[in-house]
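1. Pasting a predicted model and its sequence here:
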Amino acid sequence: MPPRRLSVVVTRRLPERVEARMAELFDCHFGPADAPMSADEIASLLPGADVLVPNLRDRIDQALLARAGDRLGLIANYGMGVDHIDVATARHRGILVSNTPDVLTEDTADMTMALILALLRRMPEGMALMKGDAAWEGWSPTGMCGSRIAGKRLGVLGMGRIGQALARRAAAFGMQINYHNRRRLRSETEEDLKARYWESLDQMVARSDVLAVTCPHTPATFHLMNARRLKLMKPEAVIVNTSRGEVVDQNALTRLLRAGDIAGAALDVVTPEAEGNPRLRELDNVILLPHMASATYEARLEMGEKVIINIKTYADGHRPPDLVLP
Ligand code: DGY
């Protein structure tokens with residue numbers, strides 16, 4: 001008898017090629033639309049599922065996991081961040097969790113660097129001037145001046161894969177690289193990245209011209225950039241966040257930006273995800289993007305490939321390569 005095909009519930013439409021490959025390999029139930037499923041919809045599909053493929057818009061919490069059937073053995077997240085999944089409860093119930101590291105590192109680092117450039121060189125304002133109603137009167141010696149990138153001190157908060165990929169880019173632009181991380185990097189890696197470690201996040205924040213938030217969102221990093229720490233930033237400094245909105249106290253940031261106590265912010269992520277903080281939208285010194293730092297065709301396909309490999313490995317009775325530990 002051929003081995004039983006795994007029943008896989010995918011909460012949302014994925015790139016066509018990924019869906020086609022998944023459908024060849026597994027019995028798949030794909031979300032009907034490119035919109036998040038409700039918790040009830042997911043729960044109603046779980047009892048017959050061996051594998052769940054959620055994404056960052058789904059809340060896979062204790063309540064939902066309690067409604068899973070005994071069959072569910074793997075949550076193969078389509079994405080890197082797993083802050084929407086209660087990994088500890090899943091583990092407790094014998095459910096493995098995997099994610100998709102590496103394949104979105106370069107693209108996310110590109111976007112973080114692009115945001116630094118856009119913010120310091122005032123690109124959105126320049127574009128608004130050229131495309132808006134007011135007539136541009138041509139070049140002027142004092143027009144549209146921003147800040148030079150070379151020589152600026154970059155503080156990288158979270159020196160994992162993405163932080164390191166950003167450091168390489170920023171060093172090529174002549175920035176001075178500083179970082180704070182849960183664990184200090186090996187000295188060879190520091191040398192390679194030309195990065196200086198700061199044990200004190202406060203001290204690094206106070207000395208940075210640009211603060212880049214690239215750490216994962218966990219209970220330990222929630223509001224790591226709280227009001228007190230944001231206030232340590234120099235008034236001419238800017239903050240860039242391509243991690244999760246929750247790492248920065250968004251209300252405090254809004255107040256400080258409004259008061260001119262922080263010069264600018266570029267945020268690929270806000271909280272709540274689909275609403276953001278409407279007050280941020282009113283501020284000229286803020287660039288807002290719709291969580292698109294990893295949005296390249298290549299990354300989204302490779303994320304799908306990772307999901308497939310994780311499921312196949314699990315189906316073959318082995319540990320998925322991208323297992324997430326609680
Ligand atoms: C992830 O995979 O966690 C990213 O934030 C998606 O862009």
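-> Perfect, I can see it now. Residues are numbered from 1 along each chain as shown.
2. What ranges does the stretch 101-250 of the chain have for its helices?
-> With helices called from DSSP state H, counting those that start in this stretch, the stretch 101-250 of the chain shows them at 105-120, 123-131, 161-172, 187-193, 201-207, 227-230, 250-259.
3. would a markdown table of those helices with mean neighbour count, mean pLDDT and distance to the ligand be doable?
-> No exception for glycine: its C-beta is placed from N, CA and C like everyone else's. Listed next are these as a markdown table, based on neighbours: other CB atoms under 10 Å; pLDDT from 0 to 100; distance: least, CB to the nearest ligand atom, whole Å:
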| stretch | mean neighbour count | mean pLDDT | distance to the ligand |
| --- | --- | --- | --- |
| helix 105-120 | 21 | 98 | 7 |
| helix 123-131 | 13 | 94 | 21 |
| helix 161-172 | 21 | 98 | 10 |
| helix 187-193 | 13 | 98 | 22 |
| helix 201-207 | 17 | 98 | 22 |
| helix 227-230 | 16 | 98 | 22 |
| helix 250-259 | 18 | 96 | 17 |
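4. Can you lay out those as CSV showing distance to Pro219?
-> Shown next, in CSV, are the helices of the stretch 101-250 of the chain (distance: least, CB to CB, whole Å):
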stretch, distance to Pro219
helix 105-120, 22
helix 123-131, 34
helix 161-172, 20
helix 187-193, 27
helix 201-207, 17
helix 227-230, 17
helix 250-259, 18
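5. between these, which one is nearest to Leu154?
-> Among these, the nearest to Leu154 by CB to CB is helix 161-172 (4.9 Å).
6. Okay, angle between the closest one and helix 105-120 too, please.
-> Calculated by axes from the mean of the first three to the mean of the last three CA atoms, to 10 degrees, helix 161-172 forms an angle of 50 degrees with helix 105-120.
7. Other residues contacting helix 161-172?
-> Residues from elsewhere that reach helix 161-172 (CB atoms under 8 Å, 6 or more residues apart in numbering): 101-102, 105-106, 108-110, 112-113, 116, 154, 156-157, 159, 177, 179, 181, 185, 189, 193-195, 212, 214-215, 242.
8. out of everything not next to it in sequence, what's closest to whichever residue of the stretch 101-250 of the chain sits closest to the ligand?
-> At 5.8 Å from the ligand, Leu104 is the closest residue in the stretch 101-250 of the chain, using CB to the nearest ligand atom. Distances taken as CB to CB, 6 or more residues apart in numbering put Ser294 closest to Leu104, at 3.8 Å, once the chain neighbours are dropped.
9. Run a quick neighbour tally on that neighbour.
-> Neighbour count of Ser294, defined by other CB atoms under 10 Å: 23.
10. cool, Gly155 as well?
-> Neighbour count of Gly155, defined by other CB under 10 Å: 26.
11. Surely it touches His180?
-> Yes - contact criterion CB atoms under 8 Å: Gly155 and His180 qualify, at 7.1 Å.
12. OK, contacts around the residue of the stretch 101-250 of the chain closest to the ligand?
-> Neighbours of Leu104 in contact, by CB under 8 Å, 6+ apart: Met80, Ala293, Ser294, Ala299, Glu302, Met303.
13. Over to Ala88?
-> Contacts of Ala88 by CB under 8 Å, 6+ apart are Pro326.
14. residues from this structure in reach of the ligand?
-> Leu56, Gly79, Met80, Gly81, Leu104, His291, Ala293, Ser294 (CB under 6 Å from any ligand atom).
15. can you redo those as JSON lines with pLDDT and secondary structure?
-> Converted to JSON lines, these look like this (pLDDT from 0 to 100; DSSP: H, G, I helix; E, B strand; the rest coil):
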{"residue": "Leu56", "pLDDT": "97", "secondary structure": "coil"}
{"residue": "Gly79", "pLDDT": "98", "secondary structure": "coil"}
{"residue": "Met80", "pLDDT": "98", "secondary structure": "coil"}
{"residue": "Gly81", "pLDDT": "97", "secondary structure": "coil"}
{"residue": "Leu104", "pLDDT": "98", "secondary structure": "coil"}
{"residue": "His291", "pLDDT": "97", "secondary structure": "coil"}
{"residue": "Ala293", "pLDDT": "98", "secondary structure": "coil"}
{"residue": "Ser294", "pLDDT": "98", "secondary structure": "coil"}
